[in-house]
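In: next input, structure requested:
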Amino acid sequence: MASNRRREASVIREGGPARVLDSSPAAEFDRLAGHFDQLPINARGAHKEFLLRMPCGRARALDVGCGTGRTLVELAQCFREVVGIDVSRGMLERARRRIFAHGATNVKISIMDAQELGFPDNCFSYVISHTALHHVNDLRRALCEMRRVLAPGGRLVIVDILDEGLTGAAPRAAVIILAVAEFFRNAVSAGAKCAIAKFRLATCADWLRHQRQEQFLVRQLVLDLCQELLPGACISVDARELRMTYYCTIDWHKPRNEPC
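Out: Presented below is the predicted three-dimensional model:
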C-alpha cells in the first residue's frame, strides 16, 4: 500500500523552468475541477473526432491543457510515453486519480503553462490540445511553443472554440435558459446522465461566474496565425452549436525537412 501511494504521488511534477503566467485561470479551474470530472466522455461531440485523429505507435505525446485527464488515459493506450500539462492543481489532482485508477504507468503530469513549455525542442511526436487554448493570454506564443516541441514529421491536433469576435458575455438569465434548452437536446442525443451532468455544470455558481469572464478565440485571428505558423494545416469548423460559437479542429504535420 505504501509503495502504491508513493507511485501515485510521484505522477505530479513541477514544470521545471516553466511558470504560471496568470494565476487567475488556475484558481478558477481549481474550483471547477470537480464539475468537469463529472461530465461523461461523450459530453462533447468533437471529442470523438478528436480521438479518431490519434496516430498509434508513436513515441511520445503531449496533451496541452490536459484538465482532469480524460484524454491522457486514451493516449496512454497509443503511445510509449504521454505527458499532460495544465496550470490548475485541482484539475491535475483529478487527472492523477484517473491515471492511477487506469493503471496508466506511462503517463506523467506537470504544472505548466502552454505559453512557456519546459521541454527541449523537437521532443514529441504528437502534440494535442482540447478546448484549452482559448484560456491562454497569448495564443501566438502558445502555438509557437507547441510547434517548437513537436518533432519534424510529428503531428499537432487542436480542438477549440471560436467566435467572430462580436459575442460578449451572455446575461446570467440567458445562460440558464440556454442550459435548459441544451438539457433536452442532450437528453435525446446523449442520454439522461450526460444531460444532467452538463446541466449541473452550466448552472453552478462557479460556472456562471466563469461564463461571464470567458472569451473564445476570434476566428479570423486563428486563421491568420495558422497561415503564418502552421502553413498547410487542415482546418475544419463545426457551426452546429446553439450559441454563435464554433468547434474548430486544426490538424498540422510538421515538415520532416524543417531545421531542428
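In: that's a helix at G84, yeah?
Out: No. Applying DSSP: H, G, I helix; E, B strand; the rest coil, one finds G84 to be strand, outside a helix.
In: ok, now how distant is it from A104?
Out: Distance check for G84 against A104: by Cβ to Cβ, to the nearest Å, it reads 10 Å. C-betas here are computed from N, CA, C, even on glycine.
In: intersection of neighbour lists for those two?
Out: Applying Cβ atoms under 8 Å, 6 or more residues apart in numbering, one finds that G84 and A104 are jointly contacted by L72.
In: so which of the two has more stuff around it?
Out: A direct count of neighbours by other Cβ atoms under 10 Å for G84 and A104 places G84 higher, at 30 against 19.
In: export stretch 114-131 as CSV, just CAs?
Out: Extracted as CSV, the C-alpha positions of stretch 114-131 are listed here (Å, rounded to 0.1, in the frame of the first residue of the first chain):
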residue,chain,number,x,y,z
ALA,A,114,1.1,26.4,-22.5
GLN,A,115,2.9,29.7,-23.2
GLU,A,116,6.2,28.5,-21.7
LEU,A,117,6.7,24.8,-22.2
GLY,A,118,9.6,23.4,-20.1
PHE,A,119,10.6,20.8,-22.7
PRO,A,120,13.5,20.7,-25.3
ASP,A,121,12.9,21.3,-28.9
ASN,A,122,11.5,18.6,-31.2
CYS,A,123,10.9,16.1,-28.4
PHE,A,124,7.3,15.0,-29.0
SER,A,125,5.9,13.1,-32.0
TYR,A,126,2.3,14.1,-31.2
VAL,A,127,1.1,17.3,-29.6
ILE,A,128,-2.6,17.9,-28.8
SER,A,129,-4.8,20.4,-27.1
HIS,A,130,-8.6,20.1,-26.5
THR,A,131,-10.6,23.2,-25.7
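In: give the buried residues for that stretch.
Out: 114-119, 122-131 (16 or more other Cβ atoms under 10 Å).
In: which parts of the stretch 151-260 of the chain are helices?
Out: When secondary structure is read from DSSP state H, counting those that start in this stretch, the stretch 151-260 of the chain shows helices at 172-190, 192-203, 205-213, 219-229.
In: and for the stretch 1-150 of the chain?
Out: Along the stretch 1-150 of the chain, the segments classed as helices by DSSP H, counting those that start in this stretch run 2-9, 23-38, 46-52, 70-75, 89-102, 139-149.
In: can you get me a residue count around I250?
Out: For I250, which is what you asked about, the neighbour count (other Cβ under 10 Å) is 21.
In: tell me if I'm right that it and L162 touch.
Out: No. Counting by Cβ atoms under 8 Å, L162 is not a contact partner of I250; they are 10.5 Å apart.
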